[in-house]
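**Student:** need coordinates for the following:
(one chain, ligands or ions: 2)
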Amino acid sequence: MIVLFNCTCAVPTTMDSFHPVPVKVNPDLQKERDAALFNPVELTYLKDGGKDKTERRRRCELLAINDPDLQHKDISFMARNERYSNAVRKAVIIARKIKEHRLTNMEEKQLYISAATQYDTYGFGLHYGMFLPALSAQCDEEQRNYWLPLAENLKILGTYAQTELGHGTFIRGLETTAIYDPKTEEFVLHTPTLSALKWWPGNMGKTATHAVVLAQLYTNGKSYGLHPFIVQLRSLENHQPLPGITLGDIGPKLGFHSFDNGFLGFDHVRIPRRNMLMKYSQVSPDGFYIKPIHAKLTYSTMVEARVTLVSDIAYSLSQAVTIAVRYSAVRRQTEQIKGVKEPQILDYRTQQLKLFPYLAAAYAFTFTSFVITGRYIEVQNEMNDGNMESLSELHALSAGLKAFTSYVGNEGIEVCRLSCGGHGYSQASGFPELYTLTAPISTFEGENTVMLLQTARYLMKCATTAKRGLELPRFVLYLSQRQKGQCPARNESDLLDHGLLSDAFEHRARRLVIEAAQKMQSNIGKGNPQHVAWNNCHMYLLKAASAHCHFYVVQTFVKYINDTEMSDAVRDILTSLCQFYALHGIWQNAGDFLQDGYMNGNQLDMVQSLVGKLLDKIRINAVALVDAFDFRDEILCSKLGKYDGNVYEAMYEWAKNSPLNKTEVHDSYNKYLRPLMQSSKAKL
Ligand SMILES: CCC/C=C/C(=O)SCCNC(=O)CCNC(=O)[C@H](O)C(C)(C)COP(=O)([O-])OP(=O)([O-])OC[C@H]1O[C@@H](n2cnc3c(N)ncnc32)[C@H](O)[C@@H]1OP(=O)([O-])[O-]
Ligand SMILES: Cc1cc2nc3c(=O)[nH]c(=O)nc-3n(C[C@H](O)[C@H](O)[C@H](O)COP(=O)(O)OP(=O)(O)OC[C@H]3O[C@@H](n4cnc5c(N)ncnc54)[C@H](O)[C@@H]3O)c2cc1C
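**Tutor:** Ligands and ions are numbered 1, 2, ... in the order given. Modelled structure (predicted):
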């Protein structure tokens, strides 16, 4: 997996041709595949955007998987230094091979990189994920012509240095300064305090030669806020930090062990005036400042990254459910009837209730990622034509969805791990890497609570606009519609209607947004300043933003099924998954639907009963649904989620490779145990 590289499209294939034919498939898994009511390959093609795209993806993946230069021992058996070194080695090979294989198309490059990095971070992740996008978005034409070829050809390696020891969220509070000196036509970059040290940027500790640095711009004695500057950090001759620059690795973290997240300090470092990225705002040679057409254009790299992370989360969650569902099909536990084979754990209702909501969410988020990526491209094109009208909408949408999907994704990966019992805790399961790679998505690129509050801020403004009867953007148009009285469902079959389900989420979102707006108004009415009212209303605001995102995802899932051509069999299973996603969501948030009487207890009973019934529909197709994600074993990197289901053999083989098993008797026996035991013996 490569964080910050859109990889959701990486999925499908005909099982026969793509997965090497195993000598023996676990009979339980085979039975599941034989019983499925749809052909997973069709769903694979759908998710990839067509058979051609599936085939192209598989070709890209195979190029990486079959390349002997990219092979290495399991990273679980490597220490951190070795992991970092291996990641850099691979990043360099990947760059060379991309050229050799003539992978010029961006999507193909991403697919190749994703397959080559497998379940580790990509050694040039920040270079491609943020440095290049920041240059593309923030350089003027002349700067682009200079810097982009250097970066694209890896003559320089970059990172994105924004966060400081003292501030990550509140970026207006960042302390690094860039003071313009018109005498020399240079900016002087400086770290005035300990808390101003740049802290966290990926690939900065040991790899990067350059950084896009976010610093407070001062010119003619006036402060103009945060602006991006390109700064050389290390010599291109010997990689030593340049004079005035302090650099290092921030040490081990929860995960990201192959990544050199770093710290950076400046001691009055001078850079040429033209190293300020000047697409949107400029400083003239004599120090005159020209402001951007939109105050928040400096933040655009983060918006792009948040959009990408929705795809990354969908991808990781798809991997987690693939592992857990396949394993649950081959794992048997607890005799129910004496002498009769123990059931597959997938047959336990509790197991289904753990896994199927996340299986449904993985599909829901995948389709959502298609839509938000499409919207991002539209807005980007508008912005390239100088129209900034939709930037606020895109910010609100991407911030909210990044937070909503990553909360669910992180939780889902952990639930999937737990659903695999003890073996889920082993590195062999793939879960530790998957979890720790995905966990920081809730924090980086905007901490999730803060991001939901940004969405809430936008929704509050929309609620006011709607109240005034003014026009709203499409994705919040529902806020200007009147609340519907009560959910019209009379029986279970009414509750399976996609329109009705989407209406229920729409109703909930509208109610919670309006309620939050009213709470804000009444708080301000009591004489509280805006920021106090805002803090007092956090719980309403957070709920409103989350309900809005939930509605967006349900609506997107429904629309995807309605608008996309597919066979009846695939439509049938996606329909069930979508119904399950929505009904389970209602069940889990029942209070919200009951609170204003939109639903009643009787309807909630029916919702619960349908959740139970849909478990059966999904159960029979569960393995095929995860097969359709089309992860090759080499990409999934899990002994529990192997396509052939031969889990125990794989685990045993893997454990034998543990470095502790290199010798029968470990050194520590002679050093510590033997003296201890022999002296105890003497005493006995
Ligand atoms: C491999 C991993 C790599 C990881 C990398 C990283 O983590 S990199 C580091 C990642 N770091 C982070 O992600 C840091 C997270 N923090 C932030 O992004 C910002 O500090 C903030 C958005 C929380 C507040 O910013 P603030 O105090 O400047 O703003 P405010 O709240 O006072 O609102 C004022 C107005 O601005 C609007 N607006 C805001 N953002 C945007 C936008 N992007 N676009 C458009 N508009 C935007 C907002 O809607 C509001 O509009 P209104 O209502 O006036 O019309
Ligand atoms: C693995 C990893 C990689 C990273 N890579 C990079 C990188 O490449 N470049 C880079 O510049 N940065 C990077 N970061 C930093 C990251 O972007 C920040 O950590 C992130 O933006 C969160 O900011 P913070 O650490 O200041 O959290 P804080 O804001 O200190 O969050 C702490 C708590 O305070 C709460 N809080 C803060 N403000 C508010 C508020 N206004 N209202 C309500 N609650 C609030 C939060 O909800 C949270 O619960 C990385 C971080 C990690 C973990």
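**Student:** next up, the contacts around the residue lying closest to Ile230 once chain neighbours are set aside.
**Tutor:** Distance criterion CB to CB, 6 or more residues apart in numbering; nearest residue to Ile230, sequence neighbours excluded, is Asn275 at 5.0 Å. In short, each C-beta sits where N, CA and C put it, glycine included. Counting by CB atoms under 8 Å, 6 or more residues apart in numbering, Asn275 makes contact with Phe187, Phe229, Ile230, Val231.
**Student:** does Asn602 count as helix, strand or coil?
**Tutor:** For Asn602, the assignment made with DSSP: H, G, I helix; E, B strand; the rest coil gives helix.
**Student:** Met460 touches Ala516, doesn't it?
**Tutor:** Yes - using CB atoms under 8 Å, Met460 is in contact with Ala516, at 6.8 Å.
**Student:** residues from this protein in reach of ligand 2?
**Tutor:** The chain has residues 126, 160-163, 167-169, 200-202, 256, 261, 440, 443-444, 446-447, 449-450, 453 near ligand 2, with proximity defined as CB under 6 Å from any ligand atom.
**Student:** please repeat the previous calculation with a cut-off of 8 Å.
**Tutor:** 126, 130, 159-163, 167-170, 198-204, 214, 253, 255-256, 259, 261, 440, 443-450, 453, 535, 538 (CB under 8 Å from any ligand atom).
**Student:** quick one: neighbours of Gly265, just the number.
**Tutor:** 22 (other CB atoms under 10 Å).
**Student:** please report how far Ala161 lies from His210.
**Tutor:** Ala161 is 10 Å from His210, where distance means CB to CB, to the nearest Å.
**Student:** then Arg510?
**Tutor:** In terms of CB to CB, Arg510 sits 47 Å off from His210.
**Student:** before we move on, what about Glu335?
**Tutor:** 63 Å.
**Student:** ok, now Val532?
**Tutor:** Distance from Val532 to His210, by CB to CB: 43 Å.
**Student:** the residues of the chain next to ligand 2 in strands, which ones?
**Tutor:** Thr159, Tyr160, Ala161, Lys198, Trp199, Leu214 (DSSP state E).
**Student:** confidence score at Gly424?
**Tutor:** pLDDT, Gly424: 98.
**Student:** once you drop chain neighbours, what's closest to it?
**Tutor:** Per CB to CB, 6+ apart, closest to Gly424 is Arg417, 4.1 Å.
**Student:** same check, this time on Asn26
**Tutor:** Gly645 (3.0 Å).
**Student:** surely the one you found is within a strand?
**Tutor:** No - Gly645 is assigned coil when assessed by three-state DSSP, not a strand.
**Student:** let's number from 414 now, not from 1
**Tutor:** Understood, numbering begins at 414; the last thing we discussed is Gly1058.
**Student:** got a winner among the contacts of Asn688 for most neighbours?
**Tutor:** Using other CB under 10 Å as the neighbour criterion, Phe600 leads these with 27 neighbours.
**Student:** what are the boundaries of the strands in this protein?
**Tutor:** Using DSSP E, strands in the chain cover 571-574, 590-594, 599-603, 611-612, 623-632, 635-645, 658-662, 675-679, 682-685, 695-696, 702-703.
**Student:** name the helices or strands packed onto the longest one?
**Tutor:** When contacts are defined as 3 or more CB pairs under 8 Å, 6 or more residues apart in numbering; DSSP states H and E, strand 635-645 sits against helix 545-551, strand 599-603, strand 623-632, strand 682-685.
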